[in-house]
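Colleague: sequence first, predicted coordinates after that:
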Amino acid sequence: MTSTENAVRLWRVPHYPTWFVSDSAKELAAGLLHFAVPLIALMVTGSPAQAGVIGAVGVVTSLLFTLWGGVLADRHRRPALMLLGALLGVALAATFAVFDRLSALSFGALLVLNVLFNARDGLFDVAGEAALKQVVPDEAMGRAQAANQGRGAAIQLAGGPLGGALLAVGGWLVALAAAGIYLLSAATAVMLRHSNRLAGTPSPDADTAVAAMRRNPVSEIGEGFSWLFSRIDLRGVLWVAMLANLGFNSAITTVIYSLQQAGHSPIIIGTVSAVLGAVMLVGALVAPLLVPRLSGGAIVIASLLMCTLGTIVLPAVRAVPAIMIVVGAAVFLVPALNSALMGYFMVAVPTELLGRANSAFRVFSMGAMPLAPLIAGLGLSWAGRTGTLVLCAVLTAVAGLLAVLNRGLRSLPAESGWAAHADAFSLSRRDGAGMHDA
């Protein structure tokens with residue numbers, strides 16, 4: 001164990017536990033609402049098509065507003081944005097509860113409310129993620145991201161049963177529970193405002209050039225994308241993350257669709273998803289042990305190799321227990337992969353650009369996710385289960401190949417070396433620009 005690991009203990013970092021509670025509460029509250037809306041839409045409209053429209057419009061809204069959320073996160077104090085977002089969540093959840101109690105949730109009302117929920121997510125979630133960089137030092141960022149992975153897996157594992165139990169009483173109860181959880185997020189966001197590291201805006205308007213740029217939000221959004229794509233090491237993260245997510249999520253969706261076509265009950269299919277969440281949770285608990293000790297490049301390549309092998313094996317596996325074993329083994333290192341990639345990303349991006357770069361990263365990586373059900377659905381119709389899973393394996397294999405070929409990712413060190421690694425690529429970029437200008 002290195003001296004750096006001894007010096008920085010994540011849960012003893014001032015204000016980090018407060019940030020974690022605030023951000024986790026926000027994620028759980030939003031998860032409950034997003035769980036309830038499509039199910040209530042099906043109950044109210046009786047039409048899968050109309051429920052699908054509500055869901056699709058929500059996803060597009062979230063992606064679009066995420067870009068503006070990045071601008072807000074770089075313009076203003078992030079704890080203040082976290083507080084405002086949580087309070088808006090309370091108001092929207094309470095409105096949802098009232099509409100449900102009055103039996104006023106029509107297709108139009110659900111569509112509008114879901115747009116507002118997703119607009120809130122897009123505008124304010126980036127601020128919480130960006131604030132993490134101001135709370136946690138670089139040498140502990142990998143473990144912070146691993147904690148986020150564990151939190152996400154736990155919410156995925158428990159959120160469904162909790163939302164289902166509340167929804168059995170009524171949608172209004174889900175909304176009231178979400179409102180209460182948003183209040184917790186707001187209360188802890190208030191506590192964050194006393195942090196010295198979060199006291200000012202991420203990038204104050206120190207000169208007229210910056211001030212001029214700040215008057216044009218579109219230019220600010222573009223700056224986040226251009227800076228991100230100008231970095232060789234971060235370009236690699238973008239493509240690897242997009243292809244790996246698309247390939248493996250398409251494989252999981254294909255397996256779920258094929259189980260449904262084979263006549264398996266929703267309980268069996270739900271059990272497969274629960275096993276996936278449980279393995280991800282265990283992997284997230286292991287990730288903090290791996291990220292500080294192993295090179296990030298080795299973690300990324302090993303995880304992508306396991307995902308690819310799992311997807312290759314899946315066509316030969318039909319029994320549900322065997323599917324669970326293969327899928328579980330394939331995803332075990334995914335939390336460590338996400339911790340390494342996102343942790344390095346957070347370290348490499350300057351604080352004043354983190355909101356916009358983060359939103360650009362999210363839009364880029366999430367933009368391909370709607371293709372997963374499309375690949376699964378059309379693939380099963382045209383190529384069958386085996387052909388579709390082979391395509392998914394090719395996508396994850398290409399992601400692994402890109403990781404191997406990208407020098408920045410391949411040579412990514414363990415957590416304590418990320419800052420120096422990012423600085424080296426930043427210096428080489430500036431030197432390259434200088435030679436080009438000369």
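Modeller: Structure received.
Colleague: what are the phi and psi angles of Lys306?
Modeller: Let me fix one detail, which is that residue 306 is Met and not Lys. The phi/psi pair for Met306 (degrees, to the nearest 10) reads phi -70, psi -40.
Colleague: show me what contacts it?
Modeller: By CB atoms under 8 Å, 6 or more residues apart in numbering, the residues touching Met306 are 329-330, 332-333. Placement of C-beta: from N, CA and C, glycine included.
Colleague: which among these count as buried?
Modeller: 330, 332-333 (16 or more other CB atoms under 10 Å).
Colleague: returning to what we had before: list just the nearest of the contacts of Met306 to Ala322.
Modeller: Distance to Ala322, by CB to CB, is smallest for Ala329 among the contacts of Met306, at 10.9 Å.
Colleague: so the closest one sits against Cys307, correct?
Modeller: No - counting by CB atoms under 8 Å, Ala329 stays clear of Cys307, with 9.8 Å between them.
Colleague: next SSE downstream of the helix or strand hosting Asn245?
Modeller: Element membership of Asn245, judged by DSSP states H and E, is helix 232-261. Note on helix 232-261: by DSSP H and E, the next helix or strand toward the C-terminus is helix 266-290.
Colleague: how is this structure divided into domains?
Modeller: 8-199, 216-438 (automatic domain parsing).
Colleague: Gly171: what's it in contact with?
Modeller: Counted by CB under 8 Å, 6+ apart, Gly171 has contacts 36, 40, 96-97, 100, 105.
Colleague: what would those look like in a markdown table with neighbour count and distance to Leu246?
Modeller: As requested, those are exported to a markdown table (neighbours: other CB atoms under 10 Å; distance: CB to CB, whole Å):
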| residue | neighbour count | distance to Leu246 |
| --- | --- | --- |
| Ala36 | 24 | 27 |
| Ile40 | 23 | 29 |
| Phe96 | 28 | 32 |
| Ala97 | 20 | 36 |
| Asp100 | 22 | 35 |
| Leu105 | 21 | 33 |
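Colleague: quick one: low-confidence residue ranges for this protein.
Modeller: 1-7, 48, 52, 194-215, 266, 270, 370, 427-438 (pLDDT under 70).
Colleague: buried stuff in the helix holding Asn245?
Modeller: 233-259.
Colleague: number of nearby residues for Ala130?
Modeller: If you count neighbours by other CB atoms under 10 Å, Ala130 ends up with 29.
Colleague: cool, and Ala336?
Modeller: Count around Ala336 with other CB under 10 Å applied: 27.
Colleague: how close does it get to Leu238?
Modeller: Separation of Ala336 from Leu238 (CB to CB, to the nearest Å) stands at 19 Å.
Colleague: same check, this time on Leu395
Modeller: Counting by CB to CB, the gap from Leu395 to Leu238 is 15 Å.
Colleague: could you do Asp138 as well?
Modeller: For Asp138, the distance to Leu238 - CB to CB - is 20 Å.
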